[in-house]
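In: Predicted model follows, preceded by the sequence.
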Amino acid sequence: MKKFSGLFFLLFTQNVIAQNPITIPDTLTGVTFNLNMHTDSVQFFPGRKTFTNAFNQFSYLGPTLILNKGENVTMNVTDNLGDTTTVHWHGLHVPSMDDGGPHIFILDGNTWSPQFTVMNHALHEDDGMMGQFVVVPDTTSINEFPANAKFSVFPNPATQFISIDGLPADSKSISVTNAVGQKIFYQNLELINTKLTLNTMNWKSGIYFITLITFNHSSTQKISITN
């Protein structure tokens, strides 16, 4: 029996009590990505087991792949689900032979290795088997200082700490988000001087985005943490 991956969104509001901590997938970088599909299970509620499909070491979801726009990448997708399946790079501009979907299926125990040039971003989901892409523009590098930035960040890449310097007098707030959009730091700057030091020892290795909000504009800088 062939499995086909679909993507849907459900929006609703409800007062709930969290049963489990939010799972934040790890990030992978480079030009070759190894994705192992396997079966697993998760207990979202006490005494109730949900059977899932997943990538790599996860019991559901999968890693966030950080790609550089314009680079040629290879995806080695191995099917260990015990059944024929398929994956699809939802939203990526790639040739049909590398795009996955119902016309490209992977037999159990086999590996599919599409190669393509990164053009934009995408999302994929199947019974909990979901991962995200973050595409870095080809005009910006990790160490590049944006021309419109109103502050500096150093060292970059960093390990134990980062210093944020040159904050303008009209600064309102500064925040840090990880590659999947989770806000991990926020600081009101109206009572802060021109310099701020953050302890990054407990941050996971990966790409982070620092956003400065002033009374007149906002600007974002990208940093790399290598712990």
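Out: In hand now; what should we look at?
In: Met37: what's it in contact with?
Out: Counting by C-beta atoms under 8 Å, 6 or more residues apart in numbering, Met37 makes contact with Asn53, Ala54, Phe55, Val77, Thr78, Asp79, Asn80, Leu81, Thr85, Val87, Met129. C-betas here are computed from N, CA, C, even on glycine.
In: Quickly note the distance from it to Asp79.
Out: In this view, Met37 and Asp79 are 5 Å apart by C-beta to C-beta, to the nearest Å.
In: So for these two, which residues contact both of them?
Out: Common neighbours of Met37 and Asp79 (C-beta under 8 Å, 6+ apart) are Thr85.
In: mind showing which ranges of this protein have poor pLDDT?
Out: 1-25, 120-150, 191-194 (pLDDT under 70).
In: let's see 90
Out: Residue ranges of the chain with pLDDT under 90: 1-30, 41-71, 84-105, 116-159, 164-173, 177-183, 187-196, 204-227.
In: Look up how far Phe154 lies from Ser218.
Out: From Ser218 to Phe154 the distance is 21 Å (C-beta to C-beta).
In: For Ile210, I want the exact helix or strand it lies within.
Out: strand 206-214 (DSSP states H and E).
In: I'd like to check the angle between the following helix or strand past that strand and strand 206-214, please.
Out: Sequence-wise, the next helix or strand downstream of strand 206-214 (DSSP H and E) is strand 218-225. Angle, strand 218-225 to strand 206-214, by axes from the mean of the first three to the mean of the last three C-alpha atoms, to 10 degrees: 160 degrees.
In: Tell me which other helices or strands strand 218-225 touches.
Out: strand 206-214 (3 or more C-beta pairs under 8 Å, 6 or more residues apart in numbering; DSSP states H and E).
In: Show me where the protein has its helices.
Out: 96-99 (DSSP state H).
In: Next, the buried residues of the top strand by length along the chain.
Out: Ranked by residue count under DSSP state E, the longest strand found in the chain is strand 32-45. Residues of strand 32-45 classed as buried by neighbour count (16 or more other C-beta atoms under 10 Å): Phe33, Asn34, Leu35, Met37, His38, Val42.
In: With stretch 84-103 instead?
Out: Thr85, Thr86, Val87, His88, Trp89, His90, Leu92, Val94, Asp98, Asp99, Gly100.
In: cool, and stretch 42-57?
Out: Here stretch 42-57 shows Val42, Thr52, Asn53, Ala54, Phe55, Asn56 as buried, counting by 16+ other C-beta under 10 Å.
In: Kindly state the beta-bridge partners for the third one.
Out: The partner list for Asn53 in beta bridges (DSSP bridges) reads Thr39.
In: was I right about it contacting Asp40?
Out: Yes - between Asn53 and Asp40 a contact is recorded at 7.3 Å, counting by C-beta atoms under 8 Å.
In: joint contacts of these two?
Out: Common neighbours of Asn53 and Asp40 (C-beta under 8 Å, 6+ apart) are Tyr60.
In: can you redo the buried residues of stretch 42-57 as a markdown table with distance to Asn68?
Out: Formatted as a markdown table, the buried residues of stretch 42-57 follow (distance: C-beta to C-beta, whole Å):
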| residue | distance to Asn68 |
| --- | --- |
| Val42 | 32 |
| Thr52 | 30 |
| Asn53 | 28 |
| Ala54 | 26 |
| Phe55 | 21 |
| Asn56 | 21 |
